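J.: Requesting a structural model of the entry that follows:
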Amino acid sequence: MLLSHLPQAPTDWAAQLASFPLWELRLDSLVGTRHPLTGGWLVLFGHDLGARHLQQLAPLLALEGVPACLYPVTRIAGVPLLLIGTDSFSTALADVIRQEAWTIDICHLEALPTLSEPGLLVMDMDSTAIQMECIDEIARLAGVGEQVAAVTAAAMQGKLEFVDSLRSRVALLAGAPVSILDEVAVNMPWMPGLKLMVDTLKQAGWTLAIASGGFTRFAGELQGALGLDAIFANELEVANGHLTGQVAGAIVDAQAKARVLSQLATERGIATAQTVAVGDGANDLKMMAVAGLGIAIHAKPLVRAQASASLDHHDLEGVICLLGARACATTRWDG
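T.: Have a look, this model is predicted:
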C-alpha cells in the first residue's frame, strides 16, 4: 500500500490494514509482514497523529537503513499512539529525529519499561511536577524576584553550578517571613496530567518519588496530596519566624538525585530497565543517565538534546503514553 493512499486519520487505518498482522514501513509504502521487530522502538503520539507523520518518518528510516514495522494504533490517556518496532536501536536515527520539526511527540528508544511489572519513577518538582519554580515565587513575594529568577534560569540551562547558585539565591531570601512559604504552597499549579500519571502508576504497583533541588515544604505538600512514596528536597533554615538565608543540611544536587534513584531501585528490588526519571533542567541529567528511561518535559535545549525521550507537545500524560506503549507490541492488525 502506498503511503499516499493511507487515510490521514489513524482511526481509519484498521480497515485498510487488516489483511496482515504487521506492516513494514518503506520509503513510500507499507508492505505486509508477519515478522515483528523488537530490537528498538519508535513511539509516536499526539492528537495530531496522522499518515503525514509516517511520510515524514519513512525517509529518515531509509536514510539510516533502519527496518521498521507498525503495530496497531491505540489510545493511551486519551492520546492516539502508534508503536513502531525497529530491528535495532540507532543513535543516528534518534539524533536525526530530534532535529526534525514535529507536530507530535516522537521518541526512538532502545528499550521501553512496561506497566505490567513493578517499576520506579523519580521526578523533579519545579517545572516538572508543578508549573513553577518555587524559589522564584518566594523571591517575588520577598521583593527580590528579578535577581533570583535570573540565577535560576542560568542554573537550569547548565551555565552555573547548581549548589553555588542555590546558596546565592537562598541568601537573597534572608529576613523574609516564613509565612511566604505557606502562600506559595497554597497556590502551586500542578503540571497537567500529574494526578493521572501518579494514579495510573500506583495502580500498576510502581514506586513514585520526588528528587528536587527545591524545598521540602512544597515537596511535602505534593506527597501528602498524591500519596508519593518518598520525597528528597532541600530544607530552608528558619529562625524566629523568618528565613535565615541558609539551607539546612546537605543540598540535593544532580549527583544526589542520581543517587536517590539508584538507592530506591536497590531497596525496592526494581530492575534498572524499569526505572524512569523525569525532569526539565540540567541538574536532572545525571538522574536521567542512571535511569532505564530518562524523560525530558518542556525542557531546556541542553536537556532535550541529551534525554532519551522528550515531551514537547504533552504534559505528564505523555509519561503514561511512553510507559503504556510496550503493551502494543502484543497486538496485531488482523487480530
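
J.: Would you map the helices across this structure?
T.: With helices called from DSSP state H, the chain shows them at 13-17, 51-64, 91-99, 134-142, 145-156, 162-171, 179-186, 194-203, 216-226, 254-268, 285-290, 301-306, 317-324.

J.: what is the mean pLDDT for the last one?
T.: This means helix 317-324. Mean pLDDT, helix 317-324: 98.

J.: how much does it deviate in direction from helix 194-203?
T.: 20 degrees (axes from the mean of the first three to the mean of the last three Cα atoms, to 10 degrees).

J.: Equivalent analysis for the second one, please.
T.: Here helix 51-64 runs at 60 degrees with respect to helix 194-203, directions being taken by the same axes, to 10 degrees.

J.: Distance from the chain centre to helix 51-64, please.
T.: Put simply, helix 51-64 sits 24 Å off its chain's centre (Cα atoms, centre = their mean, to the nearest Å).

J.: Any buried residues in that helix, and which?
T.: With burial defined by 16 or more other Cβ atoms under 10 Å, the residues of helix 51-64 counted as buried are 51, 53-54, 56-58, 60-61, 64. Any C-beta I mention is one placed from the backbone N, CA and C, and that applies to glycine too.

J.: Switch the helices of the chain over to JSON lines; also include distance to residue 33.
T.: Formatted as JSON lines, the helices of the chain follow (distance: least, Cβ to Cβ, whole Å):
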{"stretch": "helix 13-17", "distance to residue 33": "11"}
{"stretch": "helix 51-64", "distance to residue 33": "15"}
{"stretch": "helix 91-99", "distance to residue 33": "20"}
{"stretch": "helix 134-142", "distance to residue 33": "51"}
{"stretch": "helix 145-156", "distance to residue 33": "45"}
{"stretch": "helix 162-171", "distance to residue 33": "49"}
{"stretch": "helix 179-186", "distance to residue 33": "54"}
{"stretch": "helix 194-203", "distance to residue 33": "32"}
{"stretch": "helix 216-226", "distance to residue 33": "43"}
{"stretch": "helix 254-268", "distance to residue 33": "37"}
{"stretch": "helix 285-290", "distance to residue 33": "34"}
{"stretch": "helix 301-306", "distance to residue 33": "33"}
{"stretch": "helix 317-324", "distance to residue 33": "24"}
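
J.: so of those, which one's packed in deepest?
T.: Compared across those, helix 317-324 shows the largest average neighbour count, a mean of 25 (mean count of other Cβ atoms under 10 Å).

J.: any chance you could read off phi and psi for the residue lying farthest from the centre of the chain?
T.: Distance from the centre of the chain peaks at residue 240, with 39.8 Å (Cα atoms, centre = their mean). Backbone torsions for residue 240, taken as degrees, to the nearest 10, come to phi 50, psi 40.

J.: That one and residue 220, how far apart?
T.: 22 Å (Cβ to Cβ, to the nearest Å).

J.: Repeat that for residue 71.
T.: Separation of residue 71 from residue 220 (Cβ to Cβ): 41 Å.

J.: Ok, residue 66 next?
T.: Taking Cβ to Cβ, one finds residue 66 at 46 Å from residue 220.

J.: Who are the contact partners of the residue nearest in space to the middle of the chain?
T.: Centroid-nearest residue in the chain: residue 295, 3.1 Å away (criterion: Cα atoms, centre = their mean). Shown in contact with residue 295 (Cβ atoms under 8 Å, 6 or more residues apart in numbering): 276-279, 288, 307-311, 318-319, 322.
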